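Enquirer: this one's sequence-less:
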């Protein structure tokens, strides 16, 4: 819970977000801030599940209500204690963003994180956008695409390698069977991405 206290203080000082547990919008935004922060190295320890309004953690909700009595008096140095958290890049992404943007962005990142090992290349992107649109069915598809492109520009969504299509491997030779099907014979790690499957 101390990490959450430090994070809330950081948001107040650096992003101008003074958390009010009585405000629904503030609670929603804090849920999304915490979720997105893990992509910037903040090991907060909360597990989120996907809901209509995006990733949500009941444990986090319990903790920020408990912190209400301790929030204002805290005078510690959050910068020294938020080790491994790239606060600069995080702020560039979230500063000035409203609750709706955070809701969409967190939803996309949640789906992307879940699908990235299951799908590759264009199939990954298609499934991420399709599932995000299903979850956020009341949101215009164009808005979801716009937020997706923003996340891609800042590196939170990695573009698939154009050589291997995100699979991390390339087929060097193959065998054409009598029935016309193709069986890979030699498969090597993709030289363009080093097997990571992402554009460099």
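Expert: Structure's in. What do you need? Here the structure is a predicted model, which means the values were calculated and not measured. Residues are numbered from 1 along each chain as shown.
Enquirer: residue 1 and residue 46: what is the separation?
Expert: Remark: distance between residue 1 and residue 46 (C-beta to C-beta, to the nearest Å) = 10 Å. (Each C-beta comes from the backbone N, C-alpha and C, glycine too.)
Enquirer: tell me which of those two has more neighbours.
Expert: Taking neighbours as other C-beta atoms under 10 Å, residue 1 and residue 46 compare with residue 46 leading, 19 against 14.
Enquirer: assign a three-state SS to the more buried one, would you?
Expert: coil (DSSP: H, G, I helix; E, B strand; the rest coil).
Enquirer: this structure - how does it break down into domains?
Expert: Structural domains assigned to the chain are 2-153, 158-200, following automatic domain parsing.
Enquirer: what part of this protein, helix or strand, is modelled with the least confidence?
Expert: strand 169-176 (a mean of 66; mean pLDDT, DSSP states H and E).
Enquirer: need the contact list for residue 144.
Expert: 104, 108, 129, 132, 133, 136 (C-beta atoms under 8 Å, 6 or more residues apart in numbering).
Enquirer: go again with 10 Å.
Expert: Residue 144 makes contacts with 104, 105, 107, 108, 128, 129, 130, 132, 133, 135, 136, as judged by C-beta atoms under 10 Å, 6 or more residues apart in numbering.
Enquirer: same check, this time on residue 115
Expert: Contacts for residue 115 (C-beta under 10 Å, 6+ apart) come out as 123, 124, 125, 127, 128, 131.
Enquirer: for the residues you listed, which one is nearest residue 179?
Expert: Nearest to residue 179 among the contacts of residue 115: residue 123, at 24.9 Å, using C-beta to C-beta.
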